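Asks: Structure here, sequence nowhere to be found:
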Ligand SMILES: NC(=O)c1ccc[n+]([C@@H]2O[C@H](COP(=O)([O-])OP(=O)(O)OC[C@H]3O[C@@H](n4cnc5c(N)ncnc54)[C@H](OP(=O)(O)O)[C@@H]3O)[C@@H](O)[C@H]2O)c1
(Lines give C-alpha, C1' and ligand atoms only; values in the text may rest on other atoms or scores of the structure.)
Protein backbone atom coordinates (compact mmCIF):
# COMPACT_ATOMS: atom_id res chain seq x y z
CA UNK A 1 0.00 0.00 0.00
CA UNK A 2 1.15 3.52 -0.78
CA UNK A 3 2.71 5.43 2.12
CA UNK A 4 2.35 9.14 2.87
CA UNK A 5 4.76 11.25 4.87
CA UNK A 6 3.31 12.88 7.97
CA UNK A 7 4.17 16.58 7.80
CA UNK A 8 7.95 16.84 7.76
CA UNK A 9 8.48 13.97 10.17
CA UNK A 10 10.22 10.68 9.37
CA UNK A 11 6.87 8.94 9.83
CA UNK A 12 5.47 7.31 6.71
CA UNK A 13 1.96 5.94 7.17
CA UNK A 14 -0.03 3.65 4.91
CA UNK A 15 -2.86 5.58 3.24
CA UNK A 16 -5.27 3.50 5.29
CA UNK A 17 -4.78 3.04 9.04
CA UNK A 18 -6.60 0.40 11.12
CA UNK A 19 -9.20 2.00 13.39
CA UNK A 20 -9.80 0.04 16.58
CA UNK A 21 -12.67 1.83 18.29
CA UNK A 22 -15.31 -0.77 17.39
CA UNK A 23 -13.21 -3.78 18.42
CA UNK A 24 -13.12 -2.44 21.99
CA UNK A 25 -16.51 -4.10 22.41
CA UNK A 26 -19.75 -3.20 24.15
CA UNK A 27 -18.68 -2.67 27.77
CA UNK A 28 -19.04 1.13 27.75
CA UNK A 29 -21.30 3.98 26.67
CA UNK A 30 -19.81 4.27 23.17
CA UNK A 31 -19.53 0.58 22.32
CA UNK A 32 -20.61 -0.91 19.00
CA UNK A 33 -22.48 -3.95 20.27
CA UNK A 34 -21.01 -7.45 20.62
CA UNK A 35 -17.54 -8.06 19.23
CA UNK A 36 -15.85 -11.39 18.63
CA UNK A 37 -12.35 -10.87 20.03
CA UNK A 38 -10.66 -13.55 17.93
CA UNK A 39 -12.03 -11.78 14.84
CA UNK A 40 -10.77 -8.46 16.15
CA UNK A 41 -7.24 -9.82 16.50
CA UNK A 42 -7.49 -11.55 13.11
CA UNK A 43 -8.63 -8.27 11.52
CA UNK A 44 -5.53 -6.43 12.70
CA UNK A 45 -3.30 -9.26 11.51
CA UNK A 46 -5.03 -9.30 8.12
CA UNK A 47 -4.56 -5.54 7.86
CA UNK A 48 -0.84 -5.97 8.47
CA UNK A 49 -0.63 -8.68 5.81
CA UNK A 50 -2.28 -6.22 3.41
CA UNK A 51 0.39 -3.60 4.18
CA UNK A 52 -1.51 -1.42 6.62
CA UNK A 53 1.43 -0.23 8.70
CA UNK A 54 -0.33 1.60 11.51
CA UNK A 55 -3.08 1.18 14.07
CA UNK A 56 -5.13 3.84 15.78
CA UNK A 57 -6.48 3.06 19.24
CA UNK A 58 -7.32 4.91 22.46
CA UNK A 59 -7.32 4.11 26.14
CA UNK A 60 -11.05 4.79 26.28
CA UNK A 61 -12.07 2.33 23.51
CA UNK A 62 -13.68 -0.50 25.43
CA UNK A 63 -12.16 0.99 28.61
CA UNK A 64 -8.70 -0.33 27.79
CA UNK A 65 -9.82 -3.45 25.91
CA UNK A 66 -8.97 -2.14 22.43
CA UNK A 67 -5.37 -1.45 23.44
CA UNK A 68 -5.06 -4.96 24.91
CA UNK A 69 -6.34 -6.52 21.68
CA UNK A 70 -3.92 -4.41 19.64
CA UNK A 71 -1.08 -5.71 21.83
CA UNK A 72 -2.24 -9.28 21.30
CA UNK A 73 -2.43 -8.82 17.53
CA UNK A 74 1.06 -7.37 17.13
CA UNK A 75 2.83 -9.57 19.69
CA UNK A 76 6.33 -10.40 18.43
CA UNK A 77 6.14 -7.68 15.75
CA UNK A 78 5.91 -4.51 17.80
CA UNK A 79 8.67 -2.65 16.00
CA UNK A 80 7.15 -3.35 12.58
CA UNK A 81 3.93 -1.53 13.45
CA UNK A 82 3.21 2.12 14.14
CA UNK A 83 0.83 2.46 17.07
CA UNK A 84 -1.12 5.62 17.81
CA UNK A 85 -3.14 5.89 21.00
CA UNK A 86 -4.84 8.67 22.97
CA UNK A 87 -5.27 10.19 26.39
CA UNK A 88 -7.58 12.64 28.22
CA UNK A 89 -10.76 10.57 28.52
CA UNK A 90 -11.04 8.74 31.83
CA UNK A 91 -13.45 6.27 33.37
CA UNK A 92 -14.28 5.11 36.88
CA UNK A 93 -15.26 1.69 38.15
CA UNK A 94 -18.90 2.27 37.28
CA UNK A 95 -17.94 3.21 33.72
CA UNK A 96 -18.68 6.94 34.16
CA UNK A 97 -16.61 9.02 31.76
CA UNK A 98 -14.71 12.22 32.49
CA UNK A 99 -11.86 14.28 31.00
CA UNK A 100 -8.56 15.51 32.37
CA UNK A 101 -5.41 17.07 31.01
CA UNK A 102 -3.87 17.46 34.42
CA UNK A 103 -0.14 16.69 33.99
CA UNK A 104 -0.11 13.84 36.50
CA UNK A 105 -3.21 12.34 34.96
CA UNK A 106 -1.70 12.40 31.45
CA UNK A 107 1.47 10.74 32.76
CA UNK A 108 -0.54 8.05 34.58
CA UNK A 109 -2.65 7.43 31.47
CA UNK A 110 0.42 7.09 29.29
CA UNK A 111 1.98 4.56 31.67
CA UNK A 112 -1.26 2.55 31.69
CA UNK A 113 -1.43 2.56 27.88
CA UNK A 114 2.19 1.40 27.66
CA UNK A 115 1.28 -1.48 29.95
CA UNK A 116 -1.88 -2.47 28.07
CA UNK A 117 -0.09 -2.19 24.74
CA UNK A 118 2.77 -4.25 26.15
CA UNK A 119 5.35 -1.84 24.80
CA UNK A 120 7.91 0.64 26.07
CA UNK A 121 7.05 3.37 23.57
CA UNK A 122 4.01 4.83 21.81
CA UNK A 123 4.63 6.04 18.26
CA UNK A 124 1.98 8.78 18.20
CA UNK A 125 0.24 9.94 21.37
CA UNK A 126 -2.85 12.10 20.84
CA UNK A 127 -4.84 14.23 23.21
CA UNK A 128 -8.20 12.66 22.39
CA UNK A 129 -10.52 15.59 23.16
CA UNK A 130 -9.65 19.10 24.41
CA UNK A 131 -12.58 19.10 26.87
CA UNK A 132 -10.29 20.15 29.71
CA UNK A 133 -9.46 23.33 27.79
CA UNK A 134 -8.00 25.16 30.78
CA UNK A 135 -5.24 22.57 31.06
CA UNK A 136 -4.36 21.76 27.45
CA UNK A 137 -0.96 23.47 27.80
CA UNK A 138 -0.24 21.46 30.95
CA UNK A 139 -1.23 18.18 29.28
CA UNK A 140 0.82 19.00 26.19
CA UNK A 141 3.89 19.90 28.24
CA UNK A 142 3.67 16.59 30.07
CA UNK A 143 3.45 14.70 26.79
CA UNK A 144 6.59 16.48 25.59
CA UNK A 145 8.44 15.61 28.77
CA UNK A 146 7.49 11.97 28.16
CA UNK A 147 8.85 12.34 24.64
CA UNK A 148 12.20 13.39 26.05
CA UNK A 149 12.08 10.26 28.22
CA UNK A 150 11.61 8.14 25.07
CA UNK A 151 8.10 6.95 25.96
CA UNK A 152 6.41 8.81 23.11
CA UNK A 153 7.80 9.41 19.60
CA UNK A 154 5.34 12.00 18.29
CA UNK A 155 2.63 14.14 19.85
CA UNK A 156 -0.72 14.73 18.18
CA UNK A 157 -4.04 16.38 18.87
CA UNK A 158 -7.56 15.26 18.10
CA UNK A 159 -10.78 17.27 17.80
CA UNK A 160 -8.81 20.49 18.45
CA UNK A 161 -9.74 23.85 16.96
CA UNK A 162 -6.97 25.82 15.27
CA UNK A 163 -7.02 28.23 18.22
CA UNK A 164 -6.44 25.33 20.61
CA UNK A 165 -3.49 24.10 18.51
CA UNK A 166 -2.12 27.66 18.62
CA UNK A 167 -2.08 27.38 22.40
CA UNK A 168 0.14 24.28 22.43
CA UNK A 169 2.29 24.42 19.31
CA UNK A 170 4.95 26.68 20.80
CA UNK A 171 5.38 24.36 23.77
CA UNK A 172 6.34 21.47 21.52
CA UNK A 173 5.77 20.23 17.98
CA UNK A 174 2.31 19.07 16.96
CA UNK A 175 3.00 16.26 14.47
CA UNK A 176 -0.57 15.20 13.73
CA UNK A 177 -4.15 16.34 13.96
CA UNK A 178 -6.94 13.78 14.05
CA UNK A 179 -10.26 15.33 13.00
CA UNK A 180 -13.38 13.69 11.54
CA UNK A 181 -13.53 13.82 7.75
CA UNK A 182 -15.96 12.17 5.38
CA UNK A 183 -18.43 13.20 2.68
CA UNK A 184 -20.86 13.98 5.51
CA UNK A 185 -18.40 15.92 7.66
CA UNK A 186 -16.39 18.37 5.60
CA UNK A 187 -15.72 21.08 8.20
CA UNK A 188 -11.93 20.75 7.97
CA UNK A 189 -12.11 22.08 4.41
CA UNK A 190 -13.05 25.54 5.76
CA UNK A 191 -9.78 26.35 7.54
CA UNK A 192 -8.21 23.39 9.31
CA UNK A 193 -6.74 21.85 6.17
CA UNK A 194 -4.91 25.07 5.31
CA UNK A 195 -3.90 25.59 8.95
CA UNK A 196 -2.32 22.12 9.10
CA UNK A 197 -0.55 22.67 5.79
CA UNK A 198 0.84 26.02 7.01
CA UNK A 199 2.08 24.38 10.20
CA UNK A 200 3.27 21.11 8.57
CA UNK A 201 0.89 19.02 10.65
CA UNK A 202 -0.24 15.72 9.14
CA UNK A 203 -3.98 15.05 9.14
CA UNK A 204 -5.19 11.60 10.16
CA UNK A 205 -8.83 11.62 9.06
CA UNK A 206 -11.17 9.61 11.24
CA UNK A 207 -14.55 8.01 10.44
CA UNK A 208 -14.15 8.25 6.63
CA UNK A 209 -17.15 5.92 6.25
CA UNK A 210 -19.13 7.99 8.70
CA UNK A 211 -19.01 4.99 11.04
CA UNK A 212 -20.59 2.68 8.49
CA UNK A 213 -23.16 4.96 6.81
CA UNK A 214 -21.02 5.35 3.69
CA UNK A 215 -20.27 1.65 3.17
CA UNK A 216 -23.17 1.12 0.78
CA UNK A 217 -24.29 -1.80 2.97
CA UNK A 218 -25.54 -0.08 6.08
CA UNK A 219 -28.69 -1.59 7.57
CA UNK A 220 -30.03 -0.10 10.80
CA UNK A 221 -31.92 -3.33 11.55
CA UNK A 222 -28.60 -5.15 11.94
CA UNK A 223 -27.34 -2.74 14.60
CA UNK A 224 -27.27 -4.04 18.18
CA UNK A 225 -29.44 -2.29 20.78
CA UNK A 226 -26.34 -1.17 22.71
CA UNK A 227 -24.55 0.28 19.65
CA UNK A 228 -23.89 4.03 20.13
CA UNK A 229 -24.95 4.69 16.54
CA UNK A 230 -28.60 4.24 17.46
CA UNK A 231 -28.31 7.48 19.47
CA UNK A 232 -26.53 9.52 16.77
CA UNK A 233 -28.44 12.09 14.70
CA UNK A 234 -27.18 10.95 11.31
CA UNK A 235 -28.45 7.42 12.03
CA UNK A 236 -31.94 8.57 13.06
CA UNK A 237 -34.88 9.42 10.85
CA UNK A 238 -35.42 11.54 8.87
CA UNK A 239 -31.66 11.87 8.36
CA UNK A 240 -30.97 8.18 7.97
CA UNK A 241 -33.19 7.83 4.89
CA UNK A 242 -31.76 10.99 3.35
CA UNK A 243 -28.21 9.75 3.95
CA UNK A 244 -28.84 6.30 2.52
CA UNK A 245 -30.59 7.83 -0.49
CA UNK A 246 -27.51 9.97 -1.09
CA UNK A 247 -25.32 6.85 -1.00
CA UNK A 248 -27.61 5.18 -3.52
CA UNK A 249 -27.43 8.23 -5.78
CA UNK A 250 -23.67 7.70 -6.13
CA UNK A 251 -23.98 4.17 -7.50
CA UNK A 252 -23.63 5.09 -11.19
CA UNK A 253 -20.44 7.05 -10.53
CA UNK A 254 -19.02 4.34 -8.25
CA UNK A 255 -19.67 1.55 -10.78
CA UNK A 256 -17.60 3.42 -13.39
CA UNK A 257 -14.49 2.75 -11.32
CA UNK A 258 -15.20 -0.91 -10.68
CA UNK A 259 -14.93 -0.18 -6.96
CA UNK A 260 -17.35 -0.56 -4.08
CA UNK A 261 -19.06 2.39 -2.38
CA UNK A 262 -16.91 1.87 0.71
CA UNK A 263 -13.71 2.03 -1.36
CA UNK A 264 -15.04 5.10 -3.13
CA UNK A 265 -15.70 6.89 0.17
CA UNK A 266 -12.14 6.20 1.31
CA UNK A 267 -10.62 7.34 -1.99
CA UNK A 268 -12.70 10.52 -1.75
CA UNK A 269 -11.05 11.32 1.62
CA UNK A 270 -7.59 10.46 0.29
CA UNK A 271 -7.99 12.79 -2.72
CA UNK A 272 -6.56 15.64 -0.62
CA UNK A 273 -2.77 15.87 -0.29
CA UNK A 274 -3.09 17.26 3.24
CA UNK A 275 -4.55 13.97 4.47
CA UNK A 276 -1.70 11.75 5.66
CA UNK A 277 -3.96 8.75 6.18
CA UNK A 278 -7.60 7.71 6.53
CA UNK A 279 -8.36 5.75 9.71
CA UNK A 280 -10.92 3.11 8.85
CA UNK A 281 -12.60 0.91 11.43
CA UNK A 282 -13.04 -2.84 10.92
CA UNK A 283 -14.34 -5.69 13.03
CA UNK A 284 -13.76 -8.69 10.75
CA UNK A 285 -10.92 -9.69 8.36
CA UNK A 286 -13.31 -9.66 5.36
CA UNK A 287 -14.05 -5.98 6.06
CA UNK A 288 -10.33 -5.20 6.01
CA UNK A 289 -9.94 -6.90 2.64
CA UNK A 290 -12.46 -4.51 1.10
CA UNK A 291 -11.15 -1.46 2.95
CA UNK A 292 -7.59 -1.64 1.57
CA UNK A 293 -9.04 -1.22 -1.94
CA UNK A 294 -9.82 2.39 -1.05
CA UNK A 295 -6.13 3.26 -1.44
CA UNK A 296 -4.04 3.86 -4.53
CA UNK A 297 -6.46 5.30 -7.11
CA UNK A 298 -8.09 8.60 -7.97
CA UNK A 299 -11.59 9.92 -8.58
CA UNK A 300 -11.87 12.16 -11.66
CA UNK A 301 -12.52 15.88 -11.28
CA UNK A 302 -15.90 15.83 -13.05
CA UNK A 303 -17.13 13.12 -10.69
CA UNK A 304 -15.90 15.07 -7.66
CA UNK A 305 -17.97 18.02 -8.89
CA UNK A 306 -21.05 15.82 -9.25
CA UNK A 307 -20.53 14.50 -5.72
CA UNK A 308 -20.36 18.09 -4.43
CA UNK A 309 -23.67 18.78 -6.13
CA UNK A 310 -25.32 15.68 -4.66
CA UNK A 311 -23.94 16.54 -1.22
CA UNK A 312 -25.45 20.03 -1.46
CA UNK A 313 -28.80 18.44 -2.29
CA UNK A 314 -28.48 16.18 0.75
CA UNK A 315 -27.66 19.14 2.96
CA UNK A 316 -30.71 21.08 1.78
CA UNK A 317 -32.98 18.10 2.42
CA UNK A 318 -31.63 17.63 5.94
CA UNK A 319 -31.97 21.33 6.65
CA UNK A 320 -35.51 21.37 5.31
CA UNK A 321 -36.56 18.43 7.49
CA UNK A 322 -34.72 19.42 10.69
CA UNK A 323 -34.47 23.17 10.46
CA UNK A 324 -30.75 22.75 11.20
CA UNK A 325 -27.72 20.93 9.90
CA UNK A 326 -26.37 18.13 12.08
CA UNK A 327 -22.55 17.71 12.31
N1 LIG B 1 -10.08 10.83 17.56
C2 LIG B 1 -11.37 10.61 17.69
O3 LIG B 1 -12.09 11.31 18.42
C4 LIG B 1 -11.99 9.51 16.88
C5 LIG B 1 -13.39 9.46 16.74
C6 LIG B 1 -13.94 8.44 15.96
C7 LIG B 1 -13.10 7.51 15.34
N8 LIG B 1 -11.75 7.57 15.51
C9 LIG B 1 -10.85 6.56 14.90
O10 LIG B 1 -11.21 6.37 13.55
C11 LIG B 1 -11.53 5.00 13.33
C12 LIG B 1 -12.57 4.87 12.22
O13 LIG B 1 -13.76 5.55 12.53
P14 LIG B 1 -15.10 4.78 12.83
O15 LIG B 1 -14.74 3.53 13.54
O16 LIG B 1 -16.02 5.76 13.44
O17 LIG B 1 -15.77 4.44 11.47
P18 LIG B 1 -15.50 4.29 9.93
O19 LIG B 1 -14.12 3.93 9.63
O20 LIG B 1 -16.08 5.49 9.30
O21 LIG B 1 -16.47 3.04 9.68
C22 LIG B 1 -16.10 1.80 10.23
C23 LIG B 1 -17.30 0.88 10.31
O24 LIG B 1 -17.81 0.62 9.01
C25 LIG B 1 -18.26 -0.73 8.95
N26 LIG B 1 -17.46 -1.42 7.92
C27 LIG B 1 -16.12 -1.42 7.75
N28 LIG B 1 -15.77 -2.19 6.72
C29 LIG B 1 -16.90 -2.68 6.22
C30 LIG B 1 -17.18 -3.53 5.14
N31 LIG B 1 -16.20 -4.05 4.37
N32 LIG B 1 -18.47 -3.83 4.88
C33 LIG B 1 -19.47 -3.32 5.64
N34 LIG B 1 -19.26 -2.50 6.69
C35 LIG B 1 -17.99 -2.19 6.97
C36 LIG B 1 -18.00 -1.36 10.30
O37 LIG B 1 -19.14 -1.22 11.11
P38 LIG B 1 -20.27 -2.34 11.28
O39 LIG B 1 -19.80 -3.57 10.59
O40 LIG B 1 -20.40 -2.50 12.72
O41 LIG B 1 -21.47 -1.70 10.67
C42 LIG B 1 -16.89 -0.49 10.85
O43 LIG B 1 -16.80 -0.51 12.24
C44 LIG B 1 -11.97 4.50 14.72
O45 LIG B 1 -11.94 3.10 14.82
C46 LIG B 1 -10.96 5.21 15.59
O47 LIG B 1 -9.72 4.53 15.57
C48 LIG B 1 -11.19 8.57 16.25
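Replies: The structure has been received and is ready for your questions. All figures in this text were calculated on a predicted structure; none of them were measured in a lab. Numbers count the residues shown, from 1 in each chain.

Asks: can you give me the helices for this structure?
Replies: Secondary structure of the chain (DSSP state H): helices located at 37-49, 65-74, 103-116, 136-148, 162-169, 192-198, 239-249, 251-256, 261-270, 285-291, 301-322.

Asks: can you pull the contacts of the spatially closest residue to residue 161 that is not a sequence neighbour?
Replies: Of all residues not flanking residue 161 in the chain, residue 130 sits nearest, at 7.7 Å (Cβ to Cβ, 6 or more residues apart in numbering). For every residue, glycine as well, the C-beta is placed using N, CA and C. For residue 130, the contacting residues are 88, 101, 136, 157, 159-161, 164, by Cβ atoms under 8 Å, 6 or more residues apart in numbering.

Asks: where does the stretch 151-300 of the chain dip in pLDDT?
Replies: When the per-residue scores of the stretch 151-300 of the chain are filtered using pLDDT under 70, no range remains.

Asks: surely residue 136 meets residue 169?
Replies: No. With contact taken as Cβ atoms under 8 Å, residue 136 and residue 169 are classed as non-touching, separated by 11.0 Å.

Asks: Between the helices of the chain, which one is closest to residue 218.
Replies: Nearest to residue 218 among the helices of the chain is helix 239-249; the distance by Cβ to Cβ comes to 6.7 Å.

Asks: Determine the angle, from 0 to 180 degrees, between the closest one and helix 261-270.
Replies: 90 degrees (axes from the mean of the first three to the mean of the last three Cα atoms, to 10 degrees).

Asks: Which residues belonging to helix 239-249 are considered buried?
Replies: Neighbour counts over helix 239-249 (16 or more other Cβ atoms under 10 Å) mark 239-240, 242-244, 246-247 as buried.

Asks: do it and the ligand meet?
Replies: No. Contact between helix 239-249 and the ligand, assessed by Cβ under 6 Å from any ligand atom, is absent, since the two come no nearer than 12.1 Å.

Asks: on that earlier part again, contacting the ligand as well, which ones from the contacts of residue 130?
Replies: Counting by Cβ under 6 Å from any ligand atom, the subset of these that neighbours the ligand consists of residue 159.

Asks: nearest to residue 111, of the contacts of residue 130?
Replies: Lowest distance from residue 111 to the contacts of residue 130 (Cβ to Cβ) belongs to residue 88, with 14.7 Å.
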